[in-house]
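S.K.: Requesting a structural model of the entry that follows:
(2 chains)
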2 protein chains.
Amino acid sequence: MTKQLTVLDVTLRDGSHSMRHAFTEQQVRDVARGLGEAKVKYFEVSHGDGLGGSSLQYGFSKVDELKLIAAAKEECGDSAISVLILPGIGLKEDLKNAVKAGATMARVATHVTEANVAGQHIYLSRELGLKTVGFLMMAHMAPTSVIVEQAKLFESYGAEIIYVTDSAGAMLPHEVKERVAALKSHVACEIGFHAHNNLSLAMANTMAAVEAGATYVDGSLRCLGAGSGNTQTEVMVAVFDRLGYETGIDLYRTIDVANEVVAPFMPRPQEITGSSLMMGYAGVYSSFLLFTQEAAKKYNVDEREILVELGKMKAVGGQEDLIAEIARNIAVVK
Amino acid sequence: MTKQLTVLDVTLRDGSHSMRHAFTEQQVRDVARGLGEAKVKYFEVSHGDGLGGSSLQYGFSKVDELKLIAAAKEECGDSAISVLILPGIGLKEDLKNAVKAGATMARVATHVTEANVAGQHIYLSRELGLKTVGFLMMAHMAPTSVIVEQAKLFESYGAEIIYVTDSAGAMLPHEVKERVAALKSHVACEIGFHAHNNLSLAMANTMAAVEAGATYVDGSLRCLGAGSGNTQTEVMVAVFDRLGYETGIDLYRTIDVANEVVAPFMPRPQEITGSSLMMGYAGVYSSFLLFTQEAAKKYNVDEREILVELGKMKAVGGQEDLIAEIARNIAVVK
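M.R.: Below you'll find the model as predicted:
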């Protein structure tokens, strides 16, 4: 029996980071049409930081995401549209509007230890009849036991799928496998995996997740996404075909969309630069990078040493004041 | 006990393909100095197709490779220089001259089923006192039993290290593991692995090789190499550090060289484009690409269908006339 696998393309959501949230309606239409023709079952359209992310803090979208969702819906044939929503950023009203615009899946995303803030969003998502996903971000920051406990919370609220999300591209294949396998034994939901390529392991980690039982995997065309980008959708389709999995996707059509639609509008290629490598190596999310560079300059220390210390302390958003303190300490020791 | 691993950087050899063999002496000096400072034990300097590759057929080098080897030698401190030589392209005289210029390792490369042509080059290499490697290219094309037999030939000639070389970036991790493990049980030599990233698996395959017992691994800074490039040296150093291996390499210094020296002179980033993905998926070497595109146009068929057929037939260099035949057949069936 062929093993089934659902590929969810996030070009039009995670790619929003790389595009500085400046997707045009035409770009979204072209990608959505291509993904539909390629028979990609789900793809996501939202601001990079989810519904309602368009703001001074996270960057304003060039085009309102509801307009982009509606445009994508007109083009995408039988493919279904997912939206990402982070409680605290996206409001319930945003989700209702996204549904009106054409979304049929909601992925409710929280930090890996904070699933407890997602209850109301999950309830609403189910109430609206959406396929409902709990999305555990920065999964490298919590031990497997905590991830299991958080997944159970998501499940208790009504999530149908639980994602392990390697937001910083910091995980190694054996770490992915351990976490996904534990979820498979402790929750009844289907399991998904979302990778970033900062350690050049996005494809390997995605394979590890699938070997451990994940049935939903995220990718983006030409890797377009935050940091070093995601697992490359068209490459993933090829690799899983070679491995004997059935994705239902037309490989050549995904290559065409990546080459002819996405590559031409990318502001820069998704290489693994020194900075993005360090994010993955230290396990720190990219929002710290700018503060780190400033502190490194001020205290005349190597920014990479600061990042490694931040990673050891498992710093999260909101703890930016730690950065100057770490830089001062490194400077004193020298 | 920490596990030891030797990283060999091929930026100045495999990268020659991406640079259209146009490395300048200054570029080579800057990379060699950086690799020396980073304590990379070995690095390779040669035309992309090995010593003597500078020719009408393979592309002329901008600067004579002997001059580049000598320049690298002046800069590289305690690092050692390797050269690649393909019997049939590189002459014995080329190897002698490379030694005079400063090389201390020779990697004698043949198609995976043709180690028998390498005897004289291996003897000479040992006679010249070089660390001597047998390099089995296009390793995905032969079953494990054949690779073992070919490695034994190399060993009988005097090779000290045998490389499994995934020239087309076509191998999957379990295939790498099986081949390396078999070599570990059947030959006494150390085992090396050389990857290409066409399926986004260069890092994963390199890890699989090391898990199976390989102790030499190739990389290139910023991936600079043929096709989608190689395992990214600086990323590999970070990943193996995280996995508990000792490479003796200064990670931050490799990042500096990649960012400040290599990235600025790269003609284009090493993305996984549609063409390079298809090379890896079909298992076909890049030299077929141009002929395939021409035949696809002439017979009005999808070039990707031709590549997949070529891969199935395990076509090798010299069989270019097959391409038109395949294209005609596909056109007729339609």
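
S.K.: Show me the shaky parts of chain A.
M.R.: A:1 (pLDDT under 70).

S.K.: the domain parsing of it - what is it?
M.R.: A:3-265, A:284-333 (automatic domain parsing).

S.K.: Compare those domains and give me the one nearest chain B.
M.R.: Among the domains of chain A, domain A:3-265 comes nearest to chain B, with 3.3 Å by Cβ to the nearest Cβ. For every residue, glycine as well, the C-beta is placed using N, CA and C.

S.K.: now the end-to-end length of that closest one.
M.R.: Chord length of domain A:3-265, first to last residue, is 35 Å (Cα to Cα, to the nearest Å).

S.K.: Packing partners of the longest strand along chain A?
M.R.: Across chain A, the longest stretch assigned as strand under DSSP state E is strand A:103-111. Packing partners of strand A:103-111 (3 or more Cβ pairs under 8 Å, 6 or more residues apart in numbering or on different chains; DSSP states H and E): strand A:80-85, helix A:119-127, strand A:131-137.

S.K.: what does the stretch 201-334 of chain A put close to chain B?
M.R.: Neighbours of chain B within the stretch 201-334 of chain A, by Cβ under 8 Å from any Cβ of the partner chain: A:201-204, A:207, A:222-223, A:231-232, A:234-236, A:238-239, A:241-243, A:251-252, A:255-256, A:258-259, A:263, A:269-274, A:277-278, A:280-281, A:302, A:304.

S.K.: repeat that with 6 Å
M.R.: A:201, A:203-204, A:232, A:235, A:238-239, A:252, A:255, A:259, A:269, A:271-272, A:274, A:277, A:281, A:304 (Cβ under 6 Å from any Cβ of the partner chain).

S.K.: Among those residues, name the ones in helices.
M.R.: A:Met203, A:Ala204, A:Val235, A:Ala238, A:Val239, A:Tyr252, A:Ile255, A:Gly274, A:Leu277, A:Tyr281, A:Arg304 (DSSP state H).

S.K.: my guess is the second one meets B:Asn205, correct?
M.R.: No. Here A:Ala204 does not reach B:Asn205: they are 8.6 Å apart, not a contact under Cβ atoms under 6 Å.

S.K.: closest to B:Val10 out of the domains of chain A?
M.R.: Ranking the domains of chain A by proximity to B:Val10 (Cβ to Cβ) places domain A:3-265 first, at 16.0 Å.

S.K.: separation between A:Gly52 and B:Ala331?
M.R.: Computed as Cβ to Cβ, to the nearest Å, the A:Gly52 to B:Ala331 distance reads 53 Å.

S.K.: most surrounded residue in the ones in helices among the residues of the stretch 201-334 of chain A next to chain B?
M.R.: Most neighbours among those, by other Cβ atoms under 10 Å in any protein chain shown: A:Val235, with 31 neighbours.

S.K.: how much space between it and A:Val7?
M.R.: 11 Å.

S.K.: and if you look at A:Cys189?
M.R.: 18 Å.

S.K.: Comparing these two, which shows the higher neighbour count?
M.R.: Higher neighbour count among A:Cys189 and A:Val7: A:Val7, with 26 against 21, using other Cβ under 10 Å.

S.K.: Checking the more buried one next. Helix, strand or coil?
M.R.: Judged by DSSP: H, G, I helix; E, B strand; the rest coil, the three-state class of A:Val7 is strand.
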